[in-house]
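Trainee: Let me see the structure of the following:
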Amino acid sequence: MSWRYGTLGLVALATACSSNASDPDDNSQGASHISKPGNLPCSVQQALERNCARCHNPDPARTPKFGAPMAMNTYEDLFQVAPEEKNIPVWYAMYQRINATTGAMPEDRDINPMSDGDKNLLNSWLSFGQNNGPPAATPDQLCAGQQPPPGSGGSTGQGGSTGQGGVVNNGSGGSWQPPESGGSTGQGGSTNGAGGSGIVGTGDAGPKVDPNECEFIDITARADAAGTPFPVPAGTSELYQCFGFHADLKGATQAFSFSPMIDNDQVIHHWLLYQASGPETTGQSSACLGFHPDGTLIAGWAPGAGDWNLPSDVGVELTSSDFLLEVHYNNYSGQNMTDKSGVRMCAGKVARPNTAGISWLGNDIFGGFGVPGIPPLSTNAPIAGRCRPNLAGPVQILTSWPHMHKRGRRMTVEIDRAGGAVEMLLDKPFDFNKQWQYSTPTTINPGDSILTTCYFDNPDATQVSFGEATTNEMCFDFTLAYPAHTLIGGGLHNNSCISAP
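Mentor: So this is what the prediction gives:
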């Protein structure tokens, strides 16, 4: 078995924004790197519980979940140094991340978005103290039953008006000016996609599967064929591990559902499941990184997602009994841990009427074959590809799964109908740190075409071309549709439907 590399997947908690000349590297934030006694204002504490507690220490007795590198549970937590954030305090990193376009928090914001009220509240509080950090709660701001900690110095004077912080360029994903710069909080462009009907795996992707229809297959992380949990040592960071699995299916040709089995929520960030074209050995594993041309992506999970059940008349095509589970790990707990997370797949005992498969839409030749790449020093640069399938009848699209690399910012998918109408199927921001699959039900008819456009920010002085490495880029919409193998035509990959725009 050979491990292929490139990038498909999610990189957890990468540094989100580049700072300007007032970056904390100049020590302007050094005074905040201390342990500050105090309490969170009740309104702030409640906003953090609503938006951040799913990953950043939901209980004082627990470590953060899903590979989150720091806690955000107490006032003192916010004055610790933020891991991997260029020596800045957590409160400062929080301000950046809740206002960023790329790498924005909450990480599961497509499913659990932060309200405008919570965002405005946190922005106002975080920017109030400027370089000294946000103020601790005064006695009248405490939640019921809270007491100021010893040595907190009593109430905090509120001074004058609340500064609103710096400019947040949400529209282009550009520079962020720190709170001390003053001025208004810019809104930039919209970050709400117009297309799509939600995230796959939130419980609305289809009816619950009948267990009598299924041969359940558990595909999990493991250290050996016996199922010993996989070791995730303290200090593990950005580890992608691929686990081979031979399922020995008994004639099943379709999968009806995929249910996440999360064993250790402190270390796992996401998993992706591929059907392998060659034989795999249960218990064999190796470090890997993402793009597998000898496999077909069929399911995935990230925090916030749940079971994915196919519509009652549809199954995902299974062409072999061999699978590859890719798991992304971070362990910031300070303790050696293990994990056996994975997926329970329902392999159907009796095939359903409709068999769905994934087609590759987008552009896989930009920067080569005489096709321009992503221009140097560009912002919001489009790369497009059109699918012109030669259809004999209607095709039903179920989901769209955008994939780009670290320069990717947004994807749109438009349907050009044979009669001249244009319909937006998907319009979503893209974040390499968290790549969602969207429910996009629609029907494609003979004569229709599909235009996929990826938008990139390229800060480099050289053109960027298509390629598997993260120094290159990709522009793919992995589209699940039935009948399988109908959205085809052009492109370098099997089952792709790609041509010039």
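Trainee: going forward, measure contacts and count neighbours with C-alpha atoms only.
Mentor: Fine.
Trainee: and stretch 216-225, how far apart are its ends?
Mentor: 18 Å (Cα to Cα, to the nearest Å).
Trainee: Pull the residues that contact that stretch.
Mentor: 227-231, 243, 245, 247, 261, 282-285, 325, 327, 339-347 (Cα atoms under 8 Å, 6 or more residues apart in numbering).
Trainee: Go through these and flag which are in strands.
Mentor: Judged by DSSP state E, those include 230-231, 243, 245, 261, 285, 325, 327, 339, 342-347 as members of strands.
Trainee: Could you list the buried residues of stretch 451-462?
Mentor: Leu451, Thr452, Thr453, Cys454, Tyr455, Phe456, Asp457, Asn458 (16 or more other Cα atoms under 10 Å).
Trainee: can you redo the residues you listed as JSON lines with distance to Ser439?
Mentor: As requested, these are arranged in JSON lines below (distance: Cα to Cα, whole Å):
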{"residue": "Leu451", "distance to Ser439": "18"}
{"residue": "Thr452", "distance to Ser439": "16"}
{"residue": "Thr453", "distance to Ser439": "18"}
{"residue": "Cys454", "distance to Ser439": "18"}
{"residue": "Tyr455", "distance to Ser439": "21"}
{"residue": "Phe456", "distance to Ser439": "23"}
{"residue": "Asp457", "distance to Ser439": "26"}
{"residue": "Asn458", "distance to Ser439": "29"}
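Trainee: for those residues, which one is nearest Ala71?
Mentor: Checking the buried residues of stretch 451-462 against Ala71 with Cα to Cα, the nearest one is Asp457 at 31.0 Å.
Trainee: and Tyr240, what element?
Mentor: Assigned by DSSP states H and E, Tyr240 falls within strand 239-246.
Trainee: returning to that earlier point: list buried members of the ones in strands among the contacts of stretch 216-225 by neighbour count.
Mentor: Neighbour counting over these (16+ other Cα under 10 Å) leaves 230, 243, 245, 261, 285, 325, 327, 339, 342-347 as the buried ones.
Trainee: From these, pick the one nearest Trp125.
Mentor: Val327 (36.9 Å).
Trainee: So for stretch 467-480, what gets flagged as buried?
Mentor: For stretch 467-480, a neighbour-count test (16+ other Cα under 10 Å) marks Gly467, Glu468, Ala469, Asn472, Glu473, Met474, Cys475, Phe476, Asp477, Phe478, Thr479, Leu480 as buried.
Trainee: Stretch 300-314 too?
Mentor: Gly300, Trp301, Ala302, Pro303, Ala305, Gly306, Asp307, Trp308, Asn309, Leu310, Pro311, Val314.
Trainee: Quick check, the fifth one in contact with Val200.
Mentor: Yes - look at Ala305 against Val200 with Cα atoms under 8 Å: they come within range, at 7.3 Å.
Trainee: re earlier: in the ones in strands among the contacts of stretch 216-225, find the pair that's most separated.
Mentor: Using Cα to Cα, the ones in strands among the contacts of stretch 216-225 reach their maximum pairwise distance at Pro231 and Ala347, which is 28.6 Å.
Trainee: Let me have the buried ones among the ones in strands among the contacts of stretch 216-225 in TSV, adding pLDDT and distance to Leu398 as columns.
Mentor: Shown next, in TSV, are those (pLDDT from 0 to 100; distance: Cα to Cα, whole Å):
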residue	pLDDT	distance to Leu398
Phe230	97	34
Phe243	96	28
Phe245	96	27
Met261	92	24
Ser285	94	32
Leu325	95	23
Val327	93	25
Asp339	97	32
Gly342	95	23
Val343	96	21
Arg344	95	21
Met345	95	18
Cys346	95	18
Ala347	95	19
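Trainee: Which single one of those is nearest to Ser237?
Mentor: Using Cα to Cα, these come closest to Ser237 at Val327, 12.4 Å.
Trainee: Report the contact partners of Ile450.
Mentor: Ile450 neighbours (Cα under 8 Å, 6+ apart): Arg386, Cys387, Arg388, Val413, Glu414, Ile415, Asp416.
Trainee: no, scratch that, I was asking about Ile383
Mentor: Ile383 neighbours (Cα under 8 Å, 6+ apart): Asn363, Phe366, Gly373, Ile374, Thr453, Cys454, Tyr455, Phe456, Cys475.
Trainee: Tally up the residues packed near the third one, please.
Mentor: The number of residues packed near Gly373 is 19, by other Cα atoms under 10 Å.
Trainee: Got phi/psi on the closest residue to it other than its chain neighbours?
Mentor: Excluding the flanking residues, the one nearest Gly373 by Cα to Cα, 6 or more residues apart in numbering is Gly367, at 3.8 Å. Here is the backbone geometry of Gly367 (degrees, to the nearest 10): phi 80, psi 0.
Trainee: ok, now how distant is Thr296 from Thr443?
Mentor: 23 Å.
Trainee: So Ile98 sits against Pro113, correct?
Mentor: No - the pair Ile98 / Pro113 is not scored as a contact, 10.8 Å apart, by Cα under 8 Å.
Trainee: of those two, who's got more company?
Mentor: Ile98 (17 against 13).
Trainee: Now do the SS call for that one.
Mentor: Using DSSP: H, G, I helix; E, B strand; the rest coil, the structure places Ile98 in helix.
Trainee: Residues touching the helix or strand containing Ser43, excluding its own?
Mentor: Secondary structure assignment for Ser43, by DSSP H and E: helix 42-51. With Cα under 8 Å, 6+ apart as the test, helix 42-51 has contacts from 58, 72-73, 106, 112-114, 118, 121-122, 125, 137, 141-143.
Trainee: most surrounded residue in the residues you listed?
Mentor: In terms of neighbours by other Cα under 10 Å, those top out with Met72 at 24 neighbours.
Trainee: so that residue sits in a helix?
Mentor: No - assigned with three-state DSSP, Met72 falls outside any helix and is coil.
Trainee: what's it sitting at in phi/psi?
Mentor: phi -140, psi 50.
Trainee: Could I get the pLDDT score of it?
Mentor: On pLDDT, Met72 comes in at 72.
Trainee: And the buried residues of stretch 467-480, which is closest to Lys406?
Mentor: Out of those, the member with the shortest distance to Lys406 (by Cα to Cα) is Glu473, at 7.7 Å.
Trainee: give the contact list for the closest one.
Mentor: Applying Cα under 8 Å, 6+ apart, we find Glu473 in contact with Met404, His405, Lys406, Arg407, Gly408, Val464, Ser465, Phe466, Gly467.
Trainee: which of the residues you listed count as buried?
Mentor: Here, 16+ other Cα under 10 Å leaves Met404, His405, Lys406, Arg407, Gly408, Val464, Ser465, Phe466, Gly467 buried among the contacts of Glu473.
Trainee: For the stretch 301-450 of the chain, which segments are assigned as strands?
Mentor: Taking DSSP state E, counting those that start in this stretch as the test, the strands found in the stretch 301-450 of the chain are 308-309, 314-317, 322-329, 337-339, 342-348, 354-363, 378-387, 395-403, 408-416, 422-429, 438-444, 449-458.
Trainee: What helices and strands are in contact with the second one?
Mentor: Going back to what we said before, that points to strand 314-317. Judged by 3 or more Cα pairs under 8 Å, 6 or more residues apart in numbering; DSSP states H and E, strand 314-317 is in contact with strand 254-261, strand 354-363.
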